[in-house]
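Asker: Generate coordinates for the sequence data below:
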Amino acid sequence: MNICEWKFFEKIIQEDKSDFNKKLFENNSIRIMVVSLFLFFEQLSCGMILSNDNIKIANIYYLTSGIMLFCFLNSLYSLKIEKANKWNDNFVTIFGIIGSSIVCFRLILIDESTIGNNMFFISVLYGFALIFYLNPIRNLMVYGSFMILFTFFYKTNQIMLDTEWIRSLITNVIISFLMSNIHYYKFIREYNANRELERNNDILKKRNIEIEKINIELKKMSTRDGLTDLYNRRKLDQIIYAEHKSYEIENKIYSLILFDIDNFKQINDIHGHLIGDKLLIELSELILGKIRENDIFGRWGGEEFLLVCPNTSKNEAIKIAQRFQKIIDEYNFDNVNHLTCSFGVTEILAGENYCEVFKRADRGLYKAKKQGKNIVCSL
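Answerer: Numbering: from 1, shown residues only. Reported below is the predicted structural model:
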């Protein structure tokens with residue numbers, strides 16, 4: 001990102017505030033758990049080591065270790081119930097103030113010799129700034145409380161500090177306060193960038209789903225007849241080709257049954273094309289519900305239909321065609337009542353290609369038309 005485009009005081013949009021607060025709460029709670037668990041064992045160990053030499057100081061260490069254990073258990077429970085109530089939400093600020101109190105209390109009342117070296121203070125200040133995420137108000141509360149508590153402790157205990165030491169401490173408190181704010185707004189910037197990425201991914205997923213639906217629809221349109229939803233001519237041509245390859249490789253025979261509606265032009269002229277379309281749909285549904293499981297049925301075009309019969313001899317195909325011829329002849333269609341179809345039947349012969357098989361079925365249909373219609377002819 002160009003530095004000119006970088007916004008320091010980035011904000012969380014209203015719809016993301018709940019999710020942001022949840023992530024902020026989870027991040028701070030995990031960090032409190034890690035830090036407080038470490039300090040619990042560290043202070044407990046110090047207390048056990050000093051228990052024989054100075055029981056008063058050892059008890060102070062035990063007390064602070066108990067406070068750290070409470071902080072650990074509170075954060076663990078908060079994460080377990082996944083509930084950021086007011087107490088848990090503000091606990092990182094409370095933890096910072098508790099930590100400040102313990103640091104000042106221990107340094108002044110336990111180990112006054114450490115006061116002369118402000119590196120311990122500085123490490124605590126910067127460590128807190130870089131570990132936890134606090135907004136400017138909470139940062140002010142934590143670092144302000146640190147200065148107030150330190151001033152109170154060293155004044156009441158009459159500890160003498162040189163001016164340079166005080167100036168150095170104040171400077172580092174201010175710097176760590178600023179670093180903590182930078183750390184917090186960096187967290188916001190990263191969160192916003194991730195949310196933007198998530199939104200873009202959601203948009204892409206939705207578009208991919210839409211594209212997938214369109215592709216499915218296009219695939220269906222390329223293989224299905226728009227009116228009857230049967231296989232269209234292109235798909236039927238692929239099926240015949242596949243059956244022919246199976247015949248060439250495994251010697252599996254197949255037969256074709258080609259039929260069309262008799263006098264369909266007259267039906268359209270008398271009743272209209274809308275009734276003609278309904279008739280095509282009704283006939284498609286009728287035949288589709290009667291075919292065998294392995295047979296493939298489709299609309300070849302116009303009023304012509306094709307039935308591909310795998311592993312079926314011509315004689316078997318003739319019987320199938322005759323059964324359909326009878327079913328159609330006896331069926332009471334809507335709007336038209338009576339309807340008949342003519343059938344051409346053929347079987348694959350050795351040495352011919354699949355186009356020749358279809359042409360022979362077509363000649364059979366033509367023969368049926370010439371012989372009076374509503375009959376089955378085979379070649």
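
Asker: Could you pull out the helices in the stretch 1-150 of the chain for me?
Answerer: All helices of the stretch 1-150 of the chain, identified by DSSP state H, counting those that start in this stretch, fall at 17-50, 55-81, 86-89, 91-109, 119-131, 136-156.

Asker: Just say which of those is most tucked in.
Answerer: Across the helices of the stretch 1-150 of the chain, the average number of neighbours (mean count of other Cβ atoms under 10 Å) peaks for helix 91-109, which reaches a mean of 20. Heads up, the C-betas are built off the backbone N, CA and C, glycines and all.

Asker: average pLDDT for it?
Answerer: Rounded to a whole number, the mean pLDDT of helix 91-109 is 73.

Asker: Of the helices of the stretch 1-150 of the chain, which is nearest residue 287?
Answerer: Using Cβ to Cβ as the measure, helix 17-50 is the one of these that comes nearest residue 287, at 56.8 Å.

Asker: Rounded mean pLDDT for the closest one, please.
Answerer: The average pLDDT for helix 17-50 rounds to 85.

Asker: Stretch 347-367 too?
Answerer: The pLDDT scores in stretch 347-367 average 91.

Asker: okay, stretch 241-257 in PDB with CA atoms only?
Answerer: Once side chains and other backbone atoms are set aside, the C-alpha atoms of stretch 241-257 remain, and they are given as PDB (Å, rounded to 0.1, in the frame of the first residue of the first chain):
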ATOM      1  CA  TYR A 241     -22.100 -42.800 -31.600                       C
ATOM      2  CA  ALA A 242     -21.300 -44.200 -28.200                       C
ATOM      3  CA  GLU A 243     -23.500 -47.200 -28.800                       C
ATOM      4  CA  HIS A 244     -21.900 -47.800 -32.100                       C
ATOM      5  CA  LYS A 245     -18.400 -47.700 -30.500                       C
ATOM      6  CA  SER A 246     -19.600 -50.200 -28.000                       C
ATOM      7  CA  TYR A 247     -20.800 -52.400 -30.800                       C
ATOM      8  CA  GLU A 248     -17.400 -52.200 -32.600                       C
ATOM      9  CA  ILE A 249     -15.400 -53.000 -29.500                       C
ATOM     10  CA  GLU A 250     -17.600 -55.400 -27.600                       C
ATOM     11  CA  ASN A 251     -20.000 -56.500 -30.400                       C
ATOM     12  CA  LYS A 252     -23.000 -55.200 -28.400                       C
ATOM     13  CA  ILE A 253     -25.900 -54.700 -30.800                       C
ATOM     14  CA  TYR A 254     -28.400 -51.900 -30.600                       C
ATOM     15  CA  SER A 255     -31.600 -50.900 -32.400                       C
ATOM     16  CA  LEU A 256     -33.200 -47.500 -33.300                       C
ATOM     17  CA  ILE A 257     -36.900 -46.700 -33.200                       C
END
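
Asker: residues making contact with that stretch?
Answerer: Under the contact criterion Cβ atoms under 8 Å, 6 or more residues apart in numbering, stretch 241-257 has outside partners 240, 306-314, 316-317, 320-321, 324, 343-348, 353-354, 357-358, 361.

Asker: Can you show me the helices along the stretch 151-300 of the chain?
Answerer: Assigned by DSSP H, counting those that start in this stretch, the helices in the stretch 151-300 of the chain fall at 163-223, 233-250, 264-271, 273-288.

Asker: lowest-confidence stretch among those?
Answerer: Of all these, mean pLDDT reaches its minimum on helix 163-223 (a mean of 86).

Asker: now that helix and helix 233-250, what's the angle there?
Answerer: Angle, helix 163-223 to helix 233-250, by axes from the mean of the first three to the mean of the last three Cα atoms, to 10 degrees: 80 degrees.

Asker: So which elements touch helix 163-223?
Answerer: The helices and strands touching helix 163-223, judged by 3 or more Cβ pairs under 8 Å, 6 or more residues apart in numbering; DSSP states H and E, are helix 17-50, helix 119-131, helix 136-156, helix 233-250.

Asker: among these, which is nearest residue 168?
Answerer: helix 119-131 (8.2 Å).

Asker: doesn't residue 310 make contact with residue 316?
Answerer: No. Using Cβ atoms under 8 Å as the test, residue 316 is too far from residue 310 to be in contact (11.2 Å).

Asker: Just put the helices of the stretch 151-300 of the chain in CSV and tack on mean neighbour count and distance to residue 42.
Answerer: Putting the helices of the stretch 151-300 of the chain into CSV (neighbours: other Cβ atoms under 10 Å; distance: least, Cβ to Cβ, whole Å) gives the following:
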stretch, mean neighbour count, distance to residue 42
helix 163-223, 13, 21
helix 233-250, 16, 75
helix 264-271, 14, 94
helix 273-288, 16, 79
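
Asker: Output those in JSON lines; the columns should cover distance to residue 377.
Answerer: Supplementary listing: the helices of the stretch 151-300 of the chain in JSON lines, determined by distance: least, Cβ to Cβ, whole Å:
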{"stretch": "helix 163-223", "distance to residue 377": "29"}
{"stretch": "helix 233-250", "distance to residue 377": "20"}
{"stretch": "helix 264-271", "distance to residue 377": "18"}
{"stretch": "helix 273-288", "distance to residue 377": "18"}
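
Asker: what about residue 322, distance to residue 262?
Answerer: The spacing between residue 322 and residue 262, counted by Cβ to Cβ, to the nearest Å, is 16 Å.

Asker: Repeat that for residue 14.
Answerer: Summarising the geometry, the distance separating residue 14 from residue 262, computed by Cβ to Cβ, is 70 Å.
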